[in-house]
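1. Starting from these lines, generate the structure:
(one chain, ligands or ions: 1)
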Amino acid sequence: MTSYSLSFTPCFLGGGVTVGGDGRRSFVGLRPAKVSTVRWVQVRKRSEPVRTAVRMGAEGNGAKSNGVFDDVLRMSQPAVGAIPSGPPPEKPDPEELEKQRRDLGRILTLFMKLATPFWKEEKGERFRLGGVIVLTLAQAGISVAFSYIGRDFWTALSMKNMDKFMYQAELFFGALVIGTPIVVLYTYSRDMLGLRWREWLTKKTLEDYFNSINYYDIENNSDVDNPDQRIAEDLAAFTQTSLQFFLTLLISAVDLLSFSTILFSIYPPLFLVLVGYASMGTFLTTVIGRQLISINFAQLQKEADFRYSLVRVRENAESIAFYRGEDRERSTIEKRFGGAVDNFAKLLKGQRNLEFFTNGYRYLIQVLPALVIAPLYFKGSIEFGVVNQSFSAFNHILNDLSLVISRFEALSKFSAGIDRLGEFAEFLERKVEEEKNGPGERIELETTPEATVVLEGLTLSTPDSAKRVLLKNVDLKVEKGERVLIVGPSGVGKSSLLRAVAGLWRSGSGKVIRTEDSEVLFLPQRPYCTLGSLREQLTYPIRPEDANADDQELQDVLNRVDLGSLPEKFGGLEAERDWSDVLSLGEQQRLAFGRLLLRKPALAILDESSSALDLEAEGRLYEFFAESGITVMSVGHRPSLLRYHNKKLRVLPNGETRIEEVKRADVAVVAEAML
Ligand SMILES: Nc1ncnc2c1ncn2[C@@H]1O[C@H](COP(=O)(O)OP(=O)(O)OP(=O)(O)O)[C@@H](O)[C@H]1O
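-> Below is the predicted model:
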């Protein structure tokens, strides 16, 4: 924490308020997105094994991001979407990355892009900032006043002038009474302003994060790790530290001006010695401490990776326990922790080297001014109070000129934070560019009021840099009320086709025309259970208050999916549990069907969403589709599904597809086999 203190003893010696403390990293934004779909995807995270995850789709409303990142940087990387014929693009050279990381100009550009939108858009906050600046200046004024009071105080003491001594002591206490509230109010209003800035930036970033399913693309198609940490921690540190640094710079500038005048009027050579000393110190600190920026960057990343590995154990506790995978998990976590520890040790080493220098630098100033000015005092041309004042002025100026030295560690951490936020911003910026430039080499997605799905020449590739082509040139028309079953060997791209229909994967070419988002419901194999009550589970992704369903209707739906006793078991519709833990997979799948019965979408997209149900329950649920005329596209391996569909889309291992009618004879054979 930065501490601002009326430094009683030393200031009294020379008079003055010193501003101390260290900087801390910090930073960012929420347009209410139209929540309309539930999506299931299998995602592969960098350095993570393939994992199955459930993603709730807060469908971007198609509006262009207008957040803080719109402004951020024209440093876009090449657009994704094209299917390259050559090998995947090479990873950036780590040395080059490191060089960029230390590039002060780049960090400054990033800083300005991240910092300015709040002050541009929130005009009222500029007045508040003005108030804080006034308090900052008042603080600097108090410093100067203390300097003169201190000078006369010590002169009176050395001259044994009791009256003057008492008068100066009274003045000192008077200044203290005025100065203390100014310093306290300054700290409070500065921190409140920092908090409002953080709130604004965080909301803006959240807006960008949830816009156009950026949260999904970040996981699947970017080098941006741990976005959670960037939003929760890096943003907080950015705002807080920026404000602190800005005001510290301001206070230092005023301080520098006033005390330079004082010192120059006392003895110009002392002033020159001081400027030379501080310049040399700043230069050497920058040279010695340079590498701290990239080490701090790595530290933020390693800490976040370590925490993420712990969160994964919490989320997958049961699976790990079934496998008895503790040893493996522990060693993975320990490895990540080891990475954080090793890097921290490197950081400490770097800090130690820096401190060899900065400490020597600090100690020398204890005597340097006295050494320069002592001859004048011995000659009797100045009083003792002046020695004291020059000492204080020297310290003030040196502190002002040595900001880089005293804050280097904090600054290096701060710039590492800016760098991480910059990466995040660049990714979002790239997405905005893609939206602006139209589909280009991407799959075009069009919506229609009809309850249909049309695929025109759809070629689909994976969203990673490998861009492996999964499906080639698919043409398909699913009419209203038709039910199409997508079949084919495992890993061939069936779920990926659903991702393309949903608009999650746009990598490839061709066109998807389908029902509007609000009329589509996706049912994944592992349904997503949101945090909240049973009522919220049923109405998801719509809020219960907007769902327009009374208790009786909800109970009827539960009865229909054989979950009628759930409210009773758990304490009513308002009961809150970790539903993915307390419900079996089959119950979760039935709950998801309950969502569908409640929502009655025009188009249902199912991805093995009845895999954990018994055949009778599966049959009842599918019959609902036939009754209500819902258009269905589903993926499944179970032969029993055949009878509920009238068309099959077979995906072949070479990426080609074939439409087949479901023949009554096939259904009869399957039915017989199941009996
Ligand atoms: N995020 C991703 N990035 C790159 N490749 C991916 C990603 N997600 C899936 N894949 C790959 O895409 C291919 C098709 O996956 P998909 O889930 O569509 O298969 P599927 O036919 O539905 O398989 P299954 O029947 O086993 O569910 C797989 O080889 C898979 O590894």
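
2. from memory S533 sits against E576, does it?
-> Yes - under the criterion of C-beta atoms under 8 Å, S533 makes contact with E576 at 5.1 Å. Heads up, the C-betas are built off the backbone N, CA and C, glycines and all.

3. more crowded one of the two?
-> Summary of the neighbour comparison: S533 and E576, criterion other C-beta atoms under 10 Å, with S533 having more neighbours (19 against 14).

4. Next, the contact list for the more buried one, please.
-> 544, 573-576 (C-beta atoms under 8 Å, 6 or more residues apart in numbering).

5. could you redo the last one with a cut-off of 6 Å?
-> S533 makes contact with 574, 576, according to C-beta atoms under 6 Å, 6 or more residues apart in numbering.

6. what's the answer for V632, then?
-> Residues in contact with V632 (C-beta under 6 Å, 6+ apart) are 483, 604, 625.

7. Which strand or helix spans it?
-> When secondary structure is defined by DSSP states H and E, V632 falls within strand 631-635.

8. Equivalent analysis for K472, please.
-> strand 469-478.

9. Name the residues that touch that strand?
-> Under C-beta under 6 Å, 6+ apart, the answer for strand 469-478 is 453-455, 457-461, 484, 493, 496, 655-657.

10. So which of the residues you listed is surrounded by the most neighbours?
-> Of those, with other C-beta under 10 Å as the count, L460 tops at 28 neighbours.

11. so what's that residue bridging to?
-> Using DSSP bridges, the beta-bridge partners of L460 come out as L471, G508.

12. can you tell me which residues contact it?
-> The neighbourhood of L460, defined by C-beta under 6 Å, 6+ apart, consists of 470-471, 500, 508.

13. Relative to T515, which of the residues you listed is nearest.
-> Among these, A500 lies closest to T515 (C-beta to C-beta), at 14.8 Å.

14. Tell me how many other residues crowd that closest one.
-> Tallying neighbours of A500 according to other C-beta under 10 Å, which is how burial is gauged here, yields 26.

15. Make 524 the first number, not 1, from now on.
-> Okay, using 524 as the starting number, the last item reads as A1023.

16. Could you tell me which of the contacts of strand 992-1001 belong to helices?
-> Counting by DSSP state H, the part of those found in helices is S1019.

17. what about N1082, how many neighbours?
-> The local packing count at N1082 equals 12, with neighbours defined by other C-beta under 10 Å.

18. do the same with the one 10 residues further on
-> By the other C-beta under 10 Å criterion, the neighbourhood of K1092 contains 11 residues.

19. What about Q889, how many residues nearby?
-> The burial count for Q889: 10, using other C-beta under 10 Å.

20. Columns distance to R875 and pLDDT on top of the contacts of strand 992-1001, output as TSV?
-> Shown next, in TSV, are the contacts of strand 992-1001 (distance: C-beta to C-beta, whole Å; pLDDT from 0 to 100):
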residue	distance to R875	pLDDT
V976	64	94
V977	66	95
L978	62	95
G980	63	94
L981	59	95
T982	57	94
L983	54	94
S984	50	92
V1007	66	94
G1016	54	93
S1019	52	93
G1178	58	91
E1179	63	92
T1180	63	92
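
21. Show me the two of the contacts of strand 992-1001 that sit farthest apart.
-> Considering C-beta to C-beta, no two members of the contacts of strand 992-1001 lie farther apart than S984 and V1007, which are separated by 22.2 Å.

22. so what's the backbone phi/psi at N1169?
-> With angles defined as degrees, to the nearest 10, N1169 sits at phi -110, psi -10.

23. remind me, longest helix of this protein?
-> Here the longest helix in the chain is taken by residue count, with DSSP H as the criterion, and it is helix 685-733.

24. Could you give the average pLDDT over it?
-> What helix 685-733 shows for mean pLDDT is 91.

25. Which helix or strand lies directly C-terminal to that helix?
-> Beyond helix 685-733 in the direction of the C-terminus, DSSP H and E gives the next helix or strand as helix 737-743.

26. can you tell me the average pLDDT over that following helix?
-> Across helix 737-743, the average pLDDT comes to 85.

27. Run the angle between the strand holding K995 and strand 1154-1158 for me.
-> Here strand 992-1001 runs at an angle of 150 degrees relative to strand 1154-1158 (axes from the mean of the first three to the mean of the last three C-alpha atoms, to 10 degrees).

28. Please state the offset of strand 992-1001 from the chain centre?
-> The gap between where strand 992-1001 is centred and where its chain is centred comes out at 36 Å by C-alpha atoms, centre = their mean, to the nearest Å.

29. pLDDT weak spots in this protein?
-> Along the chain, the parts satisfying pLDDT under 70 run over 524-626, 927-929, 932, 960-963, 1187-1198.

30. Get me the contact residues on it for the ligand.
-> 565-567, 743, 985-987, 993, 1013-1019 (C-beta under 6 Å from any ligand atom).

31. what does stretch 772-784 rub up against?
-> Contacting residues not belonging to stretch 772-784 are listed as 542, 659, 663, 667, 916, 919-920, 923, 926 [C-beta under 6 Å, 6+ apart].

32. Just put these in a markdown table and tack on neighbour count and secondary structure.
-> Formatted as a markdown table, the entries for the contacts of stretch 772-784 read as follows, by neighbours: other C-beta atoms under 10 Å; DSSP: H, G, I helix; E, B strand; the rest coil:
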| residue | neighbour count | secondary structure |
| --- | --- | --- |
| V542 | 25 | strand |
| T659 | 21 | helix |
| A663 | 23 | helix |
| V667 | 21 | helix |
| A916 | 30 | helix |
| H919 | 29 | helix |
| I920 | 27 | helix |
| D923 | 22 | helix |
| L926 | 18 | helix |
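
33. Quickly name whichever of these is closest to F634.
-> Sorting the contacts of stretch 772-784 by how near they are to F634, with C-beta to C-beta, puts L926 at the top with 15.8 Å.

34. Give the closest residue to the closest one in space, chain neighbours not counted.
-> Distances taken as C-beta to C-beta, 6 or more residues apart in numbering put S775 closest to L926, at 5.8 Å, once the chain neighbours are dropped.

35. One more: L833?
-> Computed as C-beta to C-beta, 6+ apart, the closest residue to L833 that is not its neighbour in sequence is I856, at 6.3 Å.

36. same check, this time on W720
-> Looking at W720 with C-beta to C-beta, 6+ apart, the closest residue is T762, at 4.2 Å.

37. now do F676
-> In this structure, F676 finds its nearest non-sequential neighbour in Q691, 3.9 Å apart by C-beta to C-beta, 6+ apart.

38. How about the contacts made by the one you found?
-> Counting by C-beta under 6 Å, 6+ apart, Q691 has contacts 672, 675-676, 679.

39. I'd like the residues you listed laid out as CSV, including neighbour count and secondary structure.
-> Rendered in CSV, the data for the contacts of Q691 read as follows (neighbours: other C-beta under 10 Å; three-state DSSP):
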residue, neighbour count, secondary structure
I672, 24, helix
D675, 20, helix
F676, 25, helix
A679, 19, helix
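
40. Using CSV, please lay out those residues together with distance to I1036.
-> Formatted as CSV, the entries for the contacts of Q691 read as follows, by distance: C-beta to C-beta, whole Å:
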residue, distance to I1036
I672, 80
D675, 85
F676, 84
A679, 90
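
41. between those residues, which is closest to P792?
-> Taking those together and measuring to P792 by C-beta to C-beta, the closest member is D675, at 24.3 Å.

42. ok, so what distance separates the closest one from V992?
-> Applying C-beta to C-beta, to the nearest Å, the value for D675 to V992 is 84 Å.
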